[in-house]
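Asker: could you work out the structure for the sequence below:
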Amino acid sequence: MLKGKIFRCKNLLIKLRVRLYEVLATSKLLSAAETIPLRLKEQRRMEVIRTSHLRQIQCISYKRHVANFAVRQKAQCYCVESHLIQGRLRLWGQACRDSPHSFFRTSMFGQVANEDPK
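Answerer: Predicted coordinates for the structure are as follows:
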């Protein structure tokens, strides 16, 4: 659906198409990947898929031999690794700020604080 409706719609600006892609597709894909460990092969596969979608949005053919870095730079998008690091740091910060007995903090750090309620 996204491929036919948004990626190749000439009436929408490229910036708007990239932003819609980031909000609708990339955010869902990366939010799930932030909480699980990914192998390098899986991370590269996510980068390949994302770059191919950005190529379609910007109407850049593979025959033009444009580097992936240039495609991301033109779309003003970060690589998948940067998104994953940023999301994991956000989750870790949230766990640090939670109360010592919260389920989220316990699941992140694997222990419950030794505080005696008085």
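
Asker: residue closest to the middle of the protein?
Answerer: residue 30 (3.5 Å; Cα atoms, centre = their mean).

Asker: name the element that one belongs to?
Answerer: Using DSSP states H and E, residue 30 sits within helix 27-33.

Asker: which SSE is immediately downstream of that helix?
Answerer: helix 40-57.

Asker: what comes up buried for the helix or strand just after that following helix?
Answerer: Note on helix 40-57: by DSSP H and E, the next helix or strand toward the C-terminus is helix 68-75. Buried residues in helix 68-75, counted by 16 or more other Cβ atoms under 10 Å: 71, 72, 75. Where C-beta positions appear, they are placed from N, C-alpha and C, glycine not excepted.

Asker: so where's this structure uncertain?
Answerer: 1-4, 6, 111-118 (pLDDT under 70).

Asker: so who does residue 14 touch?
Answerer: Counting by Cβ atoms under 8 Å, 6 or more residues apart in numbering, residue 14 makes contact with 57, 58, 75.

Asker: in CSV: those, plus distance to residue 43.
Answerer: Converted to CSV, the contacts of residue 14 look like this (distance: Cβ to Cβ, whole Å):
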residue, distance to residue 43
57, 21
58, 23
75, 19
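
Asker: before we move on, back to that, so the nearest residue to the residue nearest to the centre of the chain once chain neighbours are set aside: helix, strand or coil?
Answerer: Once flanking residues are discounted, residue 30 sits nearest to residue 83: 4.9 Å by Cβ to Cβ, 6 or more residues apart in numbering. Assigned by DSSP: H, G, I helix; E, B strand; the rest coil, the conformation of residue 83 is helix.

Asker: equivalent analysis for residue 100, please.
Answerer: Quick answer, by three-state DSSP: residue 100 is coil.

Asker: and the residue nearest to the centre of the chain, how far from residue 9?
Answerer: Counting by Cβ to Cβ, to the nearest Å, the gap from residue 30 to residue 9 is 24 Å.
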